[in-house]
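Chemist: pasting the sequence and the predicted model now:
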Amino acid sequence: MPVYDRSTLNNLIREISGGAALPACLLVGEHTLCRQAADSIAEALKGTVHAIDGDSEDQNATLAKLRSFSLLGGRQIYRVNGSRLFLSKNVAENIWKKAAKAWEEGSPDKAAKQLRAMLEAAGLDRRDDPGSLSEEQWKKCFGFAKPAGTLDWTAQLLAGQDETAAPARSNGDAGEMLLAALAAGLPKNNCLLLIAEEVDKRKKLYKAFSVNCAVVDLSVESGSSSQARKAQDAVLREQVTQTLRSLGKRMSKEVIDQLLERVGFHPAAAVTETEKLALSVGDAPQITLDDLNLMVGRTREEAVFELTEAVGNNDVDRALRLAARLQENGIHGLAVLATLRNFARNLLLFRALLEHEQYCFRPGMAPNVFQEQCLPLLKANPRWQSELNGHPFAVYMKFKTAAAFSLPQLRHWMQLLLAADRRLKGSPVTADTVVQHLLLSMMIKS
């Protein structure tokens with residue numbers, strides 16, 4: 001079977017419904033999309049689903065069930081959520097980025113889960129503290145340079161986990177054992193569904209699945225580039241449209257735009273909020289903007305920071321739209337102003353540091369070069385410790401953004417911010433008008 005994606009998933013469903021054999025299937029990528037696809041596949045298989053948590057899976061027990069004839073009637077589907085079989089240190093850096101992001105966003109449980117996955121990818125015990133490794137040991141274990149800064153939080157997270165929840169280790173290579181079982185043939189009524197966010201496509205097991213079983217790749221490009229945002233937007237619109245269709249409701253494009261603006265790239269939240277809206281309107285077939293404003297608030301804590309991202313990218317339309325949405329959802333104009341002021345101050349600092357040749361920063365340098373060469377020199381000055389704290393890639397992006405502006409331009413921004421602050425506090429002009437005038441003055445060059 002070929003590798004399927006969002007556009008060809010229905011082909012796989014039709015093949016299964018038509019009687020095609022499916023001993024095993026791997027679903028990789030965005031978790032909500034994988035979960036929905038697994039539900040559709042299980043429905044087409046018409047069997048009993050046995051859910052298994054990959055974070056605490058006993059791989060020997062799963063394999064034993066898969067190879068045994070069940071006493072229960074009908075097809076038996078063993079579904080592993082968060083399978084670790086396709087991990088290796090080649091994907092450890094991607095997992096680390098997710099763990100660091102979750103920690104910075106205040107999600108310790110999610111960060112701990114990613115840390116455990118990274119440790120298992122490197123073949124380490126899930127209770128080992130990666131932060132205690134030397135730079136040489138880190139590089140050897142995970143295949144990328146150890147991040148700069150303090151990593152004390154990794155020990156805190158891993159020390160707090162329940163040791164009884166640790167998975168039993170497989171006797172031998174679980175991947176090789178699964179390959180042998182698939183080659184020998186599974187009982188006709190048994191099927192294995194594996195869901196994984198990260199996979200090493202170079203592994204023998206992945207290649208075997210892509211040739212002899214089925215792989216459904218539901219990955220969505222991450223980041224904030226125009227291409228990534230376009231891909232994310234397409235996924236969200238598809239989620240909202242399908243949910244509306246299943247509930248017999250309609251929503252105009254303008255209302256959908258505002259819903260997605262408030263939810264952000266969280267497919268599960270997009271579905272949940274759409275369902276909530278559909279239920280709230282009762283028998284009415286149309287969901288209006290008033291319904292949206294009543295039921296759906298801004299669900300992203302990082303909403304104000306998206307405004308600074310738009311300003312940094314000189315995206316005038318998006319900045320004005322985000323500023324309006326923030327104020328519509330109860331964020332006071334002074335709070336928006338404070339966010340822009342902190343953003344401008346940071347850019348001014350980083351742009352000033354770029355003027356010092358001893359830090360060796362060049363706008364076109366790679367992130368790993370910045371981390372190895374520039375960051376240690378910058379952090380040698382204790383005066384900037386708080387500003388330079390955080391994930392090295394985030395610091396690199398701040399310098400890269402600052403490089404696009406001149407010192408005179410950033411100093412002018414500070415003057416504009418001061419004038420806007422005075423207008424908000426001492427003039428009858430509305431906050432919307434003051435913020436819009438400020439953004440236009442900052443972003444449109446005369």
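Modeler: Yes, it's here.
Chemist: just for the stretch 151-300 of the chain, where's the confidence low?
Modeler: Scanning the stretch 151-300 of the chain for pLDDT under 70 picks out 160-172, 223-224, 297-300.
Chemist: could you chop this protein up by domain?
Modeler: 1-219, 226-295, 303-443 (automatic domain parsing).
Chemist: need those in CSV (columns: mean neighbour count).
Modeler: For glycine as for every other residue, the C-beta is placed from the backbone atoms N, C-alpha and C. Below are the domains of the chain laid out as CSV (neighbours: other CB atoms under 10 Å):
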stretch, mean neighbour count
domain 1-219, 17
domain 226-295, 16
domain 303-443, 16
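Chemist: residues making contact with stretch 340-349?
Modeler: Applying CB atoms under 8 Å, 6 or more residues apart in numbering, the contact partners of stretch 340-349 are 307-308, 311-312, 384, 387, 398, 401-402, 405, 407, 410-411, 413-414, 417, 421, 438, 442.
Chemist: so which strand or helix has residue 79?
Modeler: strand 75-81 (DSSP states H and E).
Chemist: and for residue 227?
Modeler: Going by DSSP H and E, residue 227 is part of helix 226-247.
Chemist: just how off-centre is the strand holding residue 79 within its chain?
Modeler: Offset of strand 75-81 from its chain centre (CA atoms, centre = their mean, to the nearest Å): 26 Å.
Chemist: show me what it packs onto, helices and strands only.
Modeler: On a contact count with 3 or more CB pairs under 8 Å, 6 or more residues apart in numbering; DSSP states H and E, strand 75-81 meets helix 31-45, strand 47-53, helix 59-67, strand 190-196.
Chemist: dump the ones you listed to JSON lines, plus distance to residue 319.
Modeler: Shown next, in JSON lines, are those (distance: least, CB to CB, whole Å):
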{"stretch": "helix 31-45", "distance to residue 319": "29"}
{"stretch": "strand 47-53", "distance to residue 319": "42"}
{"stretch": "helix 59-67", "distance to residue 319": "49"}
{"stretch": "strand 190-196", "distance to residue 319": "37"}
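Chemist: which among those is found nearest to residue 74?
Modeler: Residue 74 lies closest, by CB to CB, to one member of these: strand 47-53, at 5.7 Å.
Chemist: give me the sheet partners of the closest one and which way each runs.
Modeler: Strand 47-53 has the following strand partners under DSSP bridges: strand 75-81 (parallel).
Chemist: one step back: distance between the following helix or strand past the strand holding residue 79 and the chain's centre?
Modeler: The helix or strand immediately downstream of strand 75-81 is helix 92-104, counting by DSSP H and E. Chain-centre distance of helix 92-104: 9 Å, with CA atoms, centre = their mean.
Chemist: just the terminal-to-terminal distance for stretch 354-374.
Modeler: This stretch, stretch 354-374, spans 11 Å end to end (CA to CA, to the nearest Å).
Chemist: contacts for it, please.
Modeler: 144-145, 147-148, 353, 377-378, 392-393, 396, 399-400, 402-404, 407.
Chemist: just stretch 414-432 next, same as before
Modeler: By CB under 8 Å, 6+ apart, stretch 414-432 touches 324, 327, 332-334, 337, 340-341, 344-345, 348, 434-435, 437-438, 441-442.
Chemist: 6 Å instead?
Modeler: Applying CB atoms under 6 Å, 6 or more residues apart in numbering, the external contacts of stretch 414-432 come out as 333, 334, 337, 341, 344, 434, 438, 441, 442.
Chemist: then that stretch to PDB, C-alphas only?
Modeler: C-alpha atoms of stretch 414-432 as PDB (Å, rounded to 0.1, in the frame of the first residue of the first chain):
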ATOM      1  CA  MET A 414       9.600  54.600  21.400                       C
ATOM      2  CA  GLN A 415       8.500  58.200  20.800                       C
ATOM      3  CA  LEU A 416       5.400  57.000  19.000                       C
ATOM      4  CA  LEU A 417       4.500  54.700  21.900                       C
ATOM      5  CA  LEU A 418       5.000  57.500  24.400                       C
ATOM      6  CA  ALA A 419       2.700  59.800  22.400                       C
ATOM      7  CA  ALA A 420       0.100  57.000  22.100                       C
ATOM      8  CA  ASP A 421       0.200  56.400  25.900                       C
ATOM      9  CA  ARG A 422      -0.500  60.000  26.600                       C
ATOM     10  CA  ARG A 423      -3.400  60.000  24.100                       C
ATOM     11  CA  LEU A 424      -5.000  57.000  25.800                       C
ATOM     12  CA  LYS A 425      -4.700  58.500  29.200                       C
ATOM     13  CA  GLY A 426      -5.500  62.100  28.500                       C
ATOM     14  CA  SER A 427      -7.500  62.600  25.400                       C
ATOM     15  CA  PRO A 428     -11.100  61.800  24.300                       C
ATOM     16  CA  VAL A 429      -9.900  59.800  21.300                       C
ATOM     17  CA  THR A 430     -11.100  56.200  21.400                       C
ATOM     18  CA  ALA A 431      -8.600  53.400  22.200                       C
ATOM     19  CA  ASP A 432      -9.300  51.700  18.800                       C
END
